[in-house]
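# this one's structure only:
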């Protein structure tokens, strides 16, 4: 299990069990939310700078944006990709995502708008 503290609140962390992601309160160890929805392995996760959203990347060819402070079980946005996602990172201001994908034998970096997934 991998724990990653959030930038906005060091008392919260994401943990990666065998499938999906779980959002924990780091001080109490209480499960706050399970992030489920990808249909294949999750390859990356990152917090947006505010700390109330996270993005996950998967080899199911999607990036999903999650609202961590809302009760919804589904992601707020699903961004379709032209290949399997291998990693994801968020710009310091939270407006852009950098995603690595594989398409055939090629490795490609995509710079995407966080709000709508456009390039």
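Structure received. Please read these numbers as outputs of a predicted model, since none were measured by experiment. Residues are numbered from 1 along each chain as shown.
# my guess is residue 60 contacts residue 40, does it?
Yes: applying CB atoms under 8 Å as the test, residue 60 and residue 40 come out as touching, 4.0 Å apart. Just so you know, the C-beta spots here come from the backbone N, C-alpha and C atoms, and that holds for glycine as well.
# quick one: which of these two has more around it?
For residue 60 and residue 40, the more surrounded residue by other CB atoms under 10 Å is residue 60, and the numbers stand at 19 against 13.
# Look up how far residue 92 lies from the more buried one.
Using CB to CB, to the nearest Å, one gets 27 Å for the distance from residue 60 to residue 92.
# likewise residue 47?
Counting by CB to CB, the separation of residue 47 from residue 92 is 12 Å.
# now do residue 106
For residue 106, the distance to residue 92 (CB to CB) stands at 28 Å.
# now swap in residue 103 and tell me
When CB to CB is applied, the distance between residue 103 and residue 92 equals 28 Å.
# neighbour-wise, which of these two wins?
Here residue 103 and residue 92 are compared on neighbour count by other CB under 10 Å; more neighbours surround residue 103, at 12 against 8.
# Give the bridge partners for the more buried one, please.
Following DSSP bridges, residue 103 is listed with bridge partners residue 106.
# Give the buried residues for the one helix or strand residue 99 maps to.
Here residue 99 is covered by strand 96-103, with elements defined by DSSP states H and E. Within strand 96-103, the residues that count as buried by 16 or more other CB atoms under 10 Å are 97, 99, 100, 101.
# Residues in contact with stretch 79-98: which ones?
43-50, 53, 55-65, 99-104, 107-115, 117 (CB atoms under 8 Å, 6 or more residues apart in numbering).
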